[in-house]
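Student: got a sequence here, can you model it:
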Amino acid sequence: FSTRTPHRPNAIGLSLVRLDKVEDGVVHLSGIDLVDGTPILDIKPYLPFADSSGDATVPDWIMDAPVAPNSSVSIAPEAEGALRGLVLRGKLEFYREYDDVWNAITEVLSCDVRSKNM
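Tutor: Just a heads-up that it's a prediction; the model follows:
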């Protein structure tokens, strides 16, 4: 899989490109920052909240998409205890307080980024 972070578990990266046209089953792109011969594995639409390009346009089907409400998040007592233990032992590099790590986890999970087709 690919991700927008430079901390990827593999060499698949992301590139913001311009879709010039689709003609006879061929996708024509420009502005690609790839090495010649690099395969393009997937094409996603431009998302203003995740990408940054001053002259980009957003497809209507993206702008008109309803925003899903955040999901509620709960944690099993065993998981809460394990998480508290990690915080107390200083095992979490970016979090020193349980509430901070719990807030970060629930904020991400509440977005429920799974596909609507799952």
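Student: beyond the helix or strand of the chain with the lowest mean pLDDT, next helix or strand please.
Tutor: Least confident element among the helices and strands of the chain, by mean pLDDT, DSSP states H and E: helix 60-63 (a mean of 70). Using DSSP states H and E, the helix or strand that follows helix 60-63 in sequence is helix 77-88.
Student: buried residues in that following helix?
Tutor: Buried residues in helix 77-88, defined by neighbour count with 16 or more other Cβ atoms under 10 Å: 83, 87. For the C-beta atoms, the positions are set from N, CA and C on the backbone; glycine is no exception.
Student: what is the mean pLDDT for that helix?
Tutor: Averaged over helix 77-88, pLDDT sits at 94.
Student: from the chain's centre, how far out does it sit?
Tutor: Helix 77-88 sits 26 Å away from the centroid of its parent chain (Cα atoms, centre = their mean, to the nearest Å).
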